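Undergrad: after the sequence you'll find the predicted model.
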Amino acid sequence: MGDYLIRSTAFDGKVRAYAIESTETVREAVRRHDTYATASAALGRTMSISAMMGAMQKGEDTLTIKIEGGGPIGVIVADSNAHGDVRAYLSNPHVDFHLNDQGKLDVAQAVGTSGTISVVKDTGLKDYFTGETPIVSGEISEDFTYYFANSEQVPSAVGAGVLVNPDHSVKASGGFILQMMPGADDDTITKVENNINELPPISSLIDQGHSPEQILEKLLAGGDHKVLSTTPVQFKCRCSRERLENALMGLGNDELRAMIEEDKGAEATCHFCNEEYHFTEDELRQLVTQQ
């Protein structure tokens, strides 16, 4: 089975839980963006969390995450929806460092620790929901734990990890989000906290073959665990030649004529998937006639 995420409840509905395996999805993003090891880890963690947050949306709602930590990696942007589609990019994919004091990829140094996380939810209405919180560690998982508690007022635990091979390829990737619902008592919270503290690194569990279901069984031990839904996850970009044509037409005839006369055509690259689109002089002239 390919990548997927599950949505669950436990402890009589007092805990809402998500878990994801995202190895192939992150591999595709790493392939498209040619990321180095530390950048791959930062990008993969963001994608796993984005996909799980996308699963919290409804219908055709979309969610966009932007991480700006001031580090050499630059900006990380990811967006997702309720159907398991996720895409992402970063400003500088060629960032890598020696392992940190814990022997892990130094994501915090790459992301930076001075900046913000912002989340924009597009529900198809006139107004967007926007939440923003400061980055507290640069490790991404901790930063989203802080985001949920302070922007959405939902006590949460967020974990995401990416295991990278020596050749910079992705070996395993996944994550989880646990959220305390109204009515969660101290006993439930203590049990969940203990389970989290005893959990091995999430990427190691994925590498060892643990499924999202098995990961949540560990995290929710001591409480009833009910899977509500299972959603396939994949890297999927919404760009298309038609979208680019509409964008070019939006520039106006004067700009299109300048491209024809000065550039002898036009080309554009999608930030999210690195797909290149080329337009000849004749194709641009056809866009002018359609105005």
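TA: Good, I have the coordinates. Numbers count the residues shown, from 1 in each chain.
Undergrad: what residue ranges in the stretch 151-291 of the chain score low on pLDDT?
TA: Confidence mapping of the stretch 151-291 of the chain against pLDDT under 70 gives the ranges 291.
Undergrad: repeat the analysis, applying 90 as the threshold.
TA: 166-168, 183, 222-225, 238-271, 274-291 (pLDDT under 90).
Undergrad: where exactly do the strands run in it?
TA: 156-164, 170-180, 225-232, 234-235, 266-269, 276-279 (DSSP state E, counting those that start in this stretch).
Undergrad: now the last one - C-alpha only, CSV.
TA: Once side chains and other backbone atoms are set aside, the C-alpha atoms of strand 276-279 remain, and they are given as CSV (Å, rounded to 0.1, in the frame of the first residue of the first chain):
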residue,chain,number,x,y,z
GLU,A,276,8.5,23.9,-16.9
TYR,A,277,6.1,25.4,-19.3
HIS,A,278,7.2,26.9,-22.6
PHE,A,279,5.2,29.2,-24.9
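Undergrad: what residues does it touch?
TA: Contacts to strand 276-279, defined as CB atoms under 8 Å, 6 or more residues apart in numbering, come from residues 241, 244-245, 248, 265-270, 287. In this view, the C-beta of every residue, glycine as well, is placed from N, C-alpha and C.
Undergrad: so how do I select the buried members of those in ChimeraX?
TA: Here is the ChimeraX command that selects the buried residues among the contacts of strand 276-279 (16 or more other CB atoms under 10 Å):
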select :244,245,248,266,268,270,287
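Undergrad: which single one of the contacts of strand 276-279 is nearest to S204?
TA: Comparing those against S204 with CB to CB places C270 closest, at 33.3 Å.
Undergrad: next, A42: phi, psi?
TA: phi -60, psi -40 (degrees, to the nearest 10).
Undergrad: and it, how far from Q234?
TA: 20 Å (CB to CB, to the nearest Å).
Undergrad: and T113, by the same measure?
TA: From T113 to Q234 the distance is 32 Å (CB to CB).
Undergrad: ditto for A258
TA: 39 Å.
Undergrad: burial count for the closest residue to N100 other than its chain neighbours?
TA: Spatially, and ignoring its direct neighbours in sequence, N100 is nearest to D106 (4.2 Å; CB to CB, 6 or more residues apart in numbering). Applying other CB atoms under 10 Å, we find 22 residues neighbouring D106.
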